[in-house]
Every structure is written in structure tokens, then in C-alpha cells.
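Q: sequence? don't have it. structure:
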DNA sequence: CAAATTCTTGACTAGTTGGTCAGCTATGCT
DNA sequence: AGCATAGCTGACCAACTAGTCAAGAATTTG
């Protein structure tokens, strides 16, 4: 049975992967409504009807794209180690978020687009998983404050600042490139950006 | 002639204003492609054909919306007083940007959407006006660094951080509200947010 | 090899949407 | 009042697009 399934799904796995990747790109570039199944099909080099064989509707495809992004987000969330010092936890978390912004800019853009438009699809994720995760980190930050390890800042605004700044490098990459002689940031520039962001935030909260 | 024009355009002025306002809202909520002329017409309580009387095409309407937003952005830009101290200039600029995020969330969202999608419409604004403005402020920040008024940080990343953080409160207002018991931030919370952002950034750059 | 299952695809449909237009009404001026 | 200009609008169309489907090709299994 397992062997059977594995063999069955070889082609399937490949096509799913290609379609999801291209869909992410097209959704990021044109928004949900602006992205057409035909455009995604062309990008994936498949006939449109084939897309509907794997994903019954455009919305279903979009949901899968969003879920993949959310998984990556959770991966970064874990790097906010609640048992570490403020310096360690935040440095690692910021670095991870910057790495994700660089590795998955399209995913970040789709997510941003979705939230900007009122999160019609991912509302439940925000209300449950994100809300819970945020509460635990707020508790940790408050403990740091009580212990005098950082300044008494509102933990929520610290988190918003980290999210905003790190995701900005993905979501606004076009603007950043335009102000960088129309070139995307190179390795050294990404490193410098990460260091700058980390330094300012850590120093800014007195860590 | 002038009197004539003024009288002529009374109705026109009113309708233009209503349409642009509603269009901003609909574009923010559904993106360019997702926003329909019919939806904008309904929101403005006008027949669709009437929209096309004032704006020949959807793209023309969108351009006007974007231009209005850009004007507001320029207004904020001026508050970055190049002759003031770092503390004064940045405090005023951040406060202004936070005020705009609160007063014009839809405009900010349209702008964000546009940039995320590669700025197909506003590319020229980025290349010219924004680029020039950025260069002058970079020069100012570098002077501050030379004079030892702030830490030697990359001026670009400081600007990106300010843009990202302040605009986050507009663009991600839905997410912020969700994490705030499903309520938008109230007056006190906006003040607190502004103070937090200002404090962390100023302290973070050693100002 | 033959049967069964999975995958592929061109052609089609129903619904949506930007934009048009001809004729109408309201407004303002002399 | 009468004329000219500006503003309004229902009805319509062409283009586009998500989704369907039936028939065929490829792959796997026994």
C-alpha cells in the first residue's frame, strides 16, 4: 500500500510542487484576482485543464499556497527560543526572518497581500495559531522586562517592529532594488541589512 | 471664465472627490484587478456609466488614486527637516508617518499593493522623486554620523526601518486588530505605538 | 500482456467585467 | 423663456476567465 502510494504519487508530487511554486509567484505578482489559472499554467508549462486535475478550484490552489507560507512562518517562529537570553533569542529570530525574506520573497508577498486585504482566507490562522504564538512570546518579553534585561517596552510593538522590518525586505524588494541602482541586494548587503536591523532593535530596547 | 469654470466644476469636484475616496477603499480591499468598476460605483452610489464619464478607464482612475497617495507621502517627506537635530527631525518624521498611517490606511495599502506587485504604474515616481528625496536624506544622516550625533548606521536601512515600521500599522492593521481583541487601536494605543517606535529607533541609533 | 488506474488535454460553456453609446435630464447663462 | 453646456444612465457588447468534460495517452499492477 505504502509502496503503491509512493509510486502513484511520483508524477503527482512533482507536478504539485511545480504548480505550487509558480502559483506563489503569480499570486504575488498579480494578487488573487489578478492571477489567472492560464498564467499559472503557462508558468508551470502545463495545460490549464491539468491544473484543475490537481486543484479543483483557484481558491483551493491559493489556500495551499498560503498554507505552505504559513508553515515557513512557523519554522521561523521556533527560532524565537523562549529559554535563551534576549540577545540570543532576538538575534536568532531576526536573522531567521531575514533569511526567509530573502529565500521566499513571493511567499511573503502573498501573505502581505492577503493581510492587507483583510485576511479573508487566513482569518482563522490569525485568530488561533498566530494569536497563541504571540501570547507566549509576549509573556517571555515581559519576563525579560521584569528581570531588567531589557527596557520596559510594549512587547506587541516590539514584535510588530521585527515583523515589519524584516518582511519589508521581501515585500518592498522592488522599491529597495530601485533605490539600489535597480539591483537586488547582494550577499554583503543582505548581511549588512541583517546586522543593522539587529543592532538597532537590540540597542533600542536596551538589550 | 474663471467664474464659469468654478460653477461648472462644483458638481464635478464633488463627484470626483467621492469617487476617488471610494475607489481608494475598494482598490485597497481587492487589489487593482479584484476591484470592479461596479463595486466602486456602488460604493459611491452612482451608476457605473457615470464613473466612466469622469474617468475614461479603470487604469486612469487607479492612477489618480495613486497620485493622491503620493501627494500625501510628499507631505510627510517635508517633515523630515534637514536642518534640525537627529532627535527633532526623526521624531517629527516618525510621528507624521504614524499619523498618515492612521488617517489614510487605504492609501497606504494601495501603495503597498502596488510596490509588492513590482510598481508597474509608479515606477517613474520611485526612480525620480523618491530616489532624489532619499539621496538628500542619506546625505543628512551621513552628516549626523560624521558629527558623532548618531551611531554609524547605514542610512538606507534606517530609512527602510522607519518606512517599514510606520506603514506596518496601516498595511497590517487587520492583523494588528486581530491581535488586539479584534479592535482597531484606540487613541491611547496609537500614541503608545508612536512613542515606542520613536524611542526604540532613536535609542537604537544612539541619538 | 492485459486490465486498471492515473494522468493529460483540446474544446467548450456560463458568468463576469471594462468600456461604449445614444438619448435623456439638469443647470446655468443671457 | 430659450439656448447651450454639463451631467446622467440603461442597455448593450466584446473580451476574458474559472471551471467542465469526454476522449485519449501514459503508467502501473497483477
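A: The structure has been received and is ready for your questions. Please read these numbers as outputs of a predicted model, since none were measured by experiment.

Q: and the lengthiest helix in chain A, what does it pack against?
A: Ranked by number of residues, the top helix in chain A under DSSP state H is helix A:2-34. Secondary-structure packing of helix A:2-34 (3 or more Cβ pairs under 8 Å, 6 or more residues apart in numbering or on different chains; DSSP states H and E): helix A:37-44, helix A:48-54, helix A:58-78, helix A:105-116, helix B:2-34. Just so you know, the C-beta spots here come from the backbone N, C-alpha and C atoms, and that holds for glycine as well.

Q: in chain A, which helix or strand is least confident?
A: helix A:2-34 (a mean of 84; mean pLDDT, DSSP states H and E).

Q: got the angle between it and helix A:58-78?
A: With axes from the mean of the first three to the mean of the last three Cα atoms, to 10 degrees defining the directions, helix A:2-34 sits at 100 degrees from helix A:58-78.

Q: quick one: the closest residue to residue A:79 other than its chain neighbours from DNA strand C, how far?
A: Of all residues not flanking residue A:79 in the chain, residue A:96 sits nearest, at 4.1 Å (Cβ to Cβ, 6 or more residues apart in numbering or on different chains). Residue A:96 sits 35 Å away from DNA strand C when distances are taken as Cβ to the nearest atom of the strand, to the nearest Å.

Q: for DNA strand C, which of the helices and strands packed on helix A:2-34 is the nearest?
A: For the helices and strands packed on helix A:2-34, the distance to DNA strand C is smallest for helix A:48-54, at 2.8 Å, taking Cβ to the nearest atom of the strand.

Q: tell me the buried residues in that closest one?
A: A:51, A:54 (16 or more other Cβ atoms under 10 Å in any protein chain shown).

Q: name the residues that touch that helix?
A: Identification of contacts with helix A:48-54 by Cβ atoms under 8 Å, 6 or more residues apart in numbering or on different chains yields A:12, A:15, A:16, A:19, A:37, A:38, A:40, A:41, A:44, A:61.

Q: hmm, try it at 6 Å
A: Here helix A:48-54 makes contact (Cβ atoms under 6 Å, 6 or more residues apart in numbering or on different chains) with A:16, A:37, A:38, A:41.

Q: how about stretch A:199-207?
A: Outside stretch A:199-207, the residues touching it (Cβ under 6 Å, 6+ apart) are A:86, A:87, A:150, A:151, A:153, B:200, B:203, B:204, B:205.

Q: a markdown table for those residues, including neighbour count and pLDDT?
A: As requested, the contacts of stretch A:199-207 are exported to a markdown table (neighbours: other Cβ atoms under 10 Å in any protein chain shown; pLDDT from 0 to 100):
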| residue | neighbour count | pLDDT |
| --- | --- | --- |
| A:86 | 19 | 97 |
| A:87 | 13 | 97 |
| A:150 | 20 | 98 |
| A:151 | 16 | 98 |
| A:153 | 21 | 97 |
| B:200 | 24 | 98 |
| B:203 | 16 | 98 |
| B:204 | 24 | 98 |
| B:205 | 25 | 98 |
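
Q: filter these down to the ones close to DNA strand D.
A: Filtering those for proximity to DNA strand D by Cβ under 7 Å from any atom of the strand leaves nothing.

Q: closest one to residue A:131 out of the residues you listed, please.
A: Residue A:131 lies nearest to residue A:153 out of the contacts of stretch A:199-207, by Cβ to Cβ, at 20.3 Å.

Q: give the contact list for that closest one.
A: Going by Cβ under 6 Å, 6+ apart, the list of residues near residue A:153 reads A:205, B:196.

Q: just to revisit the earlier point, just checking, the residue nearest to residue A:79 touches residue A:80?
A: No. Using Cβ atoms under 6 Å, residue A:96 makes no contact with residue A:80, being 8.4 Å away.

Q: quick one, which of these two is more surrounded?
A: residue A:80 (21 against 17; other Cβ atoms under 10 Å in any protein chain shown).

Q: the more buried one: what's it in contact with?
A: Contact partners of residue A:80, counting by Cβ under 6 Å, 6+ apart, are A:89, A:93, A:137.

Q: for residue B:195, find the nearest of the helices and strands packed on helix A:2-34.
A: helix A:105-116 (24.5 Å).
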